[in-house]
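Take this sequence and fold it.
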Amino acid sequence: MEGLESGDPGTDDGRFYFHLGDALQRIGDKEAYKWYELGYQRGHFASVWQRSLYNVKGLKAQPWWTARETGYTELVKSLEKNWKLIRDEGLDVMDKKRSLFLPEDENLREKGDWSQFTLWQQGRKNENACKGVPKTCALLERFPEATGCRRGQIKYSVMLPGTHVWPHTGPTNCRLRMHLGLVIPKEGCRIRCAQENRTWEEGKVLIFDDSFEHEVWQDAESYRLIFIVDVWHPELTAQQRRTLPAI
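Model prediction:
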């Protein structure tokens, strides 16, 4: 705080505002938003809510998207049509005896249990993982907007009751994130993106821009399983998709 308030050379860096705000949020201090506002005013963030640091200027920015707005309607239709296949393969690799899920490792959990099983990362296919869910991977191969998204991932995500994910933002505005509901308890699970809460439905896709602040609660009585598919922001050019460095 002293460094940022001093205005000394080298202190005006978006990463300082980002991490100071994050630390304040984690101790429940609402002053976090004062620093986010200042970071926005100084040009480091696109807005108080959208605080990613690896951005392409001028991309359409809104927390929640419809399939039609993304232009990726075929991908969404395919995910929703085949959701039971995706679910069943996910449940098979989630089996306790041969579980391939790994704990979330980005320090985003305040409490609870949240694990993931990644099929693509930074545009690279995990061949071993896909051996466990071959039909799901074959389905996705038709959609380069997802498999070729070097700033995203494709993965299963299981969250157990009693889990809370801190308010946080993704690193870049170059992707959108799709959540396909696979096993959703009737009550107790919700996600907030910016200032709007939503809930998952089995067999339905939610789409949001994870460069906006988001937060997740799992207060149900059983686990929640979803399938996450990141896609390039639809306004990126073919050239940008080829040349943007991976994240």
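
Do a quick rundown of the helices in the protein.
Counting by DSSP state H, the segments of the chain that form helices are 2-6, 14-26, 32-41, 67-70, 73-81, 83-94, 127-132, 134-140, 144-147, 238-243.

For the last one, give me every contacting residue.
Going back to what we said before, that points to helix 238-243. Residues from elsewhere that reach helix 238-243, judged by C-beta atoms under 8 Å, 6 or more residues apart in numbering: 56, 148, 174, 232. (Glycine included, C-beta is placed from N, CA and C.)

partner strands of the least confident helix or strand in the chain by mean pLDDT, parallel or antiparallel?
Among the helical and strand segments of the chain, the one scoring lowest on mean pLDDT, DSSP states H and E is strand 109-111, with a mean of 78. In the sheet containing strand 109-111, its partner strands are strand 163-168 (antiparallel), by DSSP bridges.

what does the strand it pairs with contact?
22, 25-26, 108-114, 192, 213-218.

what's the angle from it to helix 14-26?
Between strand 163-168 and helix 14-26, the angle comes out at 140 degrees (axes from the mean of the first three to the mean of the last three C-alpha atoms, to 10 degrees).

roughly how far is strand 163-168 from the heart of the chain?
Per C-alpha atoms, centre = their mean, to the nearest Å, the displacement of strand 163-168 from the mean C-alpha position of its chain is 12 Å.

Report the mean per-residue pLDDT for that strand.
Strand 163-168 shows an average pLDDT of 93 in the prediction.

How about the contacts made by the closest residue to residue 236 other than its chain neighbours?
With sequence-adjacent residues excluded and distances taken as C-beta to C-beta, 6 or more residues apart in numbering, residue 236 is closest to residue 174, at 6.2 Å. Counting by C-beta under 8 Å, 6+ apart, residue 174 makes contact with 54, 55, 56, 59, 151, 232, 233, 236, 240, 244, 247.

Now intersect those residues with the strands, please.
Secondary structure from DSSP state E places residue 232 of these in strands.

Let me see the contact set for the residue lying closest to residue 162 once chain neighbours are set aside.
Spatial nearest neighbour of residue 162, chain neighbours left out: residue 112 (4.8 Å); criterion: C-beta to C-beta, 6+ apart. Shown in contact with residue 112 (C-beta under 8 Å, 6+ apart): 159, 160, 161, 162, 163, 164, 218.

Is the fourth one in contact with residue 110, as I believe?
Spelled out, it's residue 162. No: at 10.4 Å, residue 162 and residue 110 do not qualify as touching, with contact defined as C-beta atoms under 8 Å.

Let me know the distance separating the residue nearest to residue 182 when sequence neighbours are not counted from residue 196.
Distance criterion C-beta to C-beta, 6+ apart; nearest residue to residue 182, sequence neighbours excluded, is residue 87 at 4.0 Å. Here residue 87 is placed at a distance of 26 Å from residue 196 (C-beta to C-beta, to the nearest Å).

burial measure for residue 34, as a count.
Summarising burial for residue 34: neighbours were counted as other C-beta atoms under 10 Å, giving 13.

Same question for residue 206.
One way to gauge burial is a neighbour count; for residue 206, by other C-beta under 10 Å, it gives 18.

Quick check: closest non-adjacent residue to it.
Spatial nearest neighbour of residue 206, excluding adjacent residues (C-beta to C-beta, 6+ apart): residue 179 at 4.5 Å.
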